[in-house]
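Enquirer: Okay, predicted coordinates and the sequence, questions at the end:
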Amino acid sequence: MLVNFKSDTVTKPSQAMLSYMLSAPVGDDVFGEDPTVNALQDKTAIMFGHEDALFCPSGTMTNQIAVQLHTTPLAEIICEEDAHIYQYETGGYAYNARCAINLVKGRFGKMQAGQVQAAIKQEYDWLPLTKMVSIENSCNRGGGTYYSIDEAAEIRNVCRDNQLAFHLDGARLFNVLVETGDKPEIWGALFDTISICLSKGLGAPVGSLLIGSKSQIARARRFRKVMGGGMRQAGILAAAGIFALDHHIDRLKVDNNRAKMIGAELINKGFVKNVRPVMTNIVICDLVEEYPVQKFIADLDAKNIQVVQMGPQAVRFVTHLDLNDAMIDYALAEIRKM
Ligand SMILES: *Cc1c(COP(=O)(O)O)cnc(C)c1O
C-alpha cells in the first residue's frame, strides 16, 4: 500500500469523470465557442454571484492574470509572506506585471485588517503605489487555516476605503466552505476577483477559474491569450471541472476530518514540537531539532507513506480524494509506532 500525502494535486480522474469528459460537446474556445467551457464558466460565475469567469490551465495563471488586472508597473500588491503569489509563482508578479510586493507577517498565513491598513503606502514618488490586496483561503503554508467571513470582510472594508482591488486566491476555498457552511456567494460578494482550483481537492486533472465582472473578465481573456493560455477544444478539460463541482465538493469534509485525525495522532508524538491548527485538509507540524526532518520523511517513505517538507523542520500532510479509510488507518498506526 502506498499512502501519498504529498498534495491534493496527485489525484487521478476517476472512471466516471473520464466518461463524462469523453461525452462533452466541444468547440474552439479561443473563439468562445466551446459549449462545455462556457457552461463551466457560467456555472462558477453564478455560484459566486459574479457576472463572468474564465477557464485557465492553472491557478498560477488565474492569480497572475489577477495581478495584471489590478496593478500597473510601479504599483504593489499587499499579501501575507506565505502567500502562493509570492512563494510559488516564480516571481511572476515582477515578471508579468512589473509590480512590487509588500509582505505582511501574519499568523498561520492570515493577515489582520489593521496590518493591511498599516501596510498601505503613502503616495510619494519614491514609493510604489499600493493597488491590490490578495488573501489566500485556505492558507496553504499556514497549515490549511482559514479566514472567517468577518475577518475577510474587515479587510474588504480597508480595500474599499482605500480604493484597492481585493483578490481571493481560493485554490482550496471549497475545503473552507464545507467546514463553515458559508454559501459561495457570500464570499463572492467580498472580492473583485476570485481564483478557484479544480485540480486540488476537487480532483479534476487540470484547470482553474478566474471569477469577476464582465469587463474584468474581458480584459482577463487578453492576458490569458498573451500568456499562451488560450486553449482550443478545452471542453474535455472543463467537463472534468463540471463533474468535480457536481460530485466532489461535499466529500471534502471527509478529507478535512481525516486531516484532523492525523493532526491528533502527531500531536502525541514526543518528536513533534507543534502542529499548526488543523482547520481543513492540510496538516503541518514542526519537529524537534533532534529528529531532522529529512530523516522523518525518509522513515515515513520506508513505510510507503509520502509527505513533503514545508520549511526547515516542518512537514506537510495533505488529504485528498484518492485516499481511503484503510490507507488512513495504516498511516495512523504507523505514526503511532514511531
Ligand atoms: C495550488 C495553488 C495555486 C495554483 O497552483 P497551480 O499548480 O498553478 O494550479 C494557487 N494558490 C494556492 C494557495 C495553491 O495551493
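Expert: Here it is on my side, so go on. Residues are numbered from 1 along each chain as shown.
Enquirer: Please work out how many residues are found near the residue of the chain found nearest the ligand.
Expert: Residue of the chain nearest the ligand, by C-beta to the nearest ligand atom: Gly59 (2.4 Å). Yep, even glycine has a C-beta here, placed from its N, CA and C like the rest. Using other C-beta atoms under 10 Å, Gly59 has 26 neighbouring residues.
Enquirer: Next, it: phi, psi?
Expert: Dihedral pair for Gly59: phi -70, psi -30, per degrees, to the nearest 10.
Enquirer: again, but for Ala83
Expert: phi -60, psi 140.
Enquirer: where does it land on pLDDT?
Expert: According to the predicted model, the pLDDT of Ala83 comes to 98.
Enquirer: show me what contacts the residue nearest to it when sequence neighbours are not counted?
Expert: The spatially closest residue to Ala83, leaving aside those adjacent along the chain, is Glu136, at 5.3 Å (C-beta to C-beta, 6 or more residues apart in numbering). Counting by C-beta atoms under 8 Å, 6 or more residues apart in numbering, Glu136 makes contact with 79-80, 82-85, 109, 142, 168-171.
Enquirer: Might you enumerate the residues of the protein proximal to the ligand?
Expert: With C-beta under 6 Å from any ligand atom as the criterion, the chain meets the ligand at residues 58-60, 63, 84, 136, 140, 169, 171, 197, 199-200, 208.
Enquirer: Of those, which belong to helices?
Expert: 59-60, 63, 84 (DSSP state H).
Enquirer: Now tabulate those residues in JSON lines and tack on distance to Val307.
Expert: Converted to JSON lines, those look like this (distance: C-beta to C-beta, whole Å):
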{"residue": "Gly59", "distance to Val307": "22"}
{"residue": "Thr60", "distance to Val307": "23"}
{"residue": "Asn63", "distance to Val307": "25"}
{"residue": "His84", "distance to Val307": "19"}
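Enquirer: Which members of those residues are classed as buried?
Expert: With neighbours counted by 16 or more other C-beta atoms under 10 Å, those contain buried members at 59-60, 63, 84.
Enquirer: Could you point out which of those residues is nearest to Ala239?
Expert: Nearest to Ala239 out of these is Gly59 (C-beta to C-beta; 18.8 Å).
Enquirer: what helix or strand does Phe243 sit in?
Expert: Taking DSSP states H and E as the definition, Phe243 sits inside helix 235-247.
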